[in-house]
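Colleague: This is the structure alone, sequence omitted:
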């Protein structure tokens, strides 16, 4: 049985995934190595350009009952963006595909690049983004690192924390706001 099959018929949050991995003696410390995590789950990753999908960041699809995450190499040239896209697509798997009883030919593909809530935004995309942020920036780890630099100005905090967790400054700003550390 492939490791990802253990999640069938279950909706797993990023926090639950961290706990499951920790309990199985496979913790993924920060910065989370998202490539290794996805490979550990036996989910295939394809990183290649697709000139028919220039504005699409990535997708997850099920082919022959096997999940495949595709990352558009052209749209994800920055390492932080690529990592977030991988975590986002894993979020679609854990939240929107794994809970289903049948995975036959299911696909989640973001139709176009959209970076704000007004641009073709929907609830499942928001959930996948929250999953990615929580996976890449676990709240307990964020609190530990934040306490070390809490006396610095906001821009410096965001810069330092984004480097520690290997995420974009925008992702870090939203995550700090979501846990109440930035107002």
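Modeller: Done, it's in. Quick caveat, the model's predicted, so the values are computed rather than measured.
Colleague: Assign the residue of the chain most remote from its centre to helix, strand or coil.
Modeller: In the chain, the residue that sits farthest from the middle, by Cα atoms, centre = their mean, is residue 151; the gap is 29.0 Å. The three-state label given to residue 151 by DSSP: H, G, I helix; E, B strand; the rest coil is coil.
Colleague: tell me the secondary structure for residue 68?
Modeller: Residue 68 ends up strand, using three-state DSSP.
Colleague: Can you list the residue ranges for helices in the protein?
Modeller: In the chain, the segments counted as helices under DSSP state H are 14-23, 34-40, 79-92, 123-136, 139-149, 154-165, 169-178.
Colleague: residues in contact with residue 167?
Modeller: 31, 80, 83, 84, 133, 136, 137, 175 (Cβ atoms under 8 Å, 6 or more residues apart in numbering). Using the backbone N, CA and C atoms, a C-beta is placed for each residue, glycine as well.
Colleague: Kindly reformat those as JSON lines containing pLDDT, neighbour count and distance to residue 62.
Modeller: Formatted as JSON lines, the contacts of residue 167 follow (pLDDT from 0 to 100; neighbours: other Cβ atoms under 10 Å; distance: Cβ to Cβ, whole Å):
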{"residue": "31", "pLDDT": "93", "neighbour count": "16", "distance to residue 62": "28"}
{"residue": "80", "pLDDT": "94", "neighbour count": "20", "distance to residue 62": "27"}
{"residue": "83", "pLDDT": "96", "neighbour count": "25", "distance to residue 62": "22"}
{"residue": "84", "pLDDT": "96", "neighbour count": "25", "distance to residue 62": "22"}
{"residue": "133", "pLDDT": "97", "neighbour count": "25", "distance to residue 62": "24"}
{"residue": "136", "pLDDT": "97", "neighbour count": "26", "distance to residue 62": "24"}
{"residue": "137", "pLDDT": "97", "neighbour count": "28", "distance to residue 62": "28"}
{"residue": "175", "pLDDT": "96", "neighbour count": "25", "distance to residue 62": "29"}
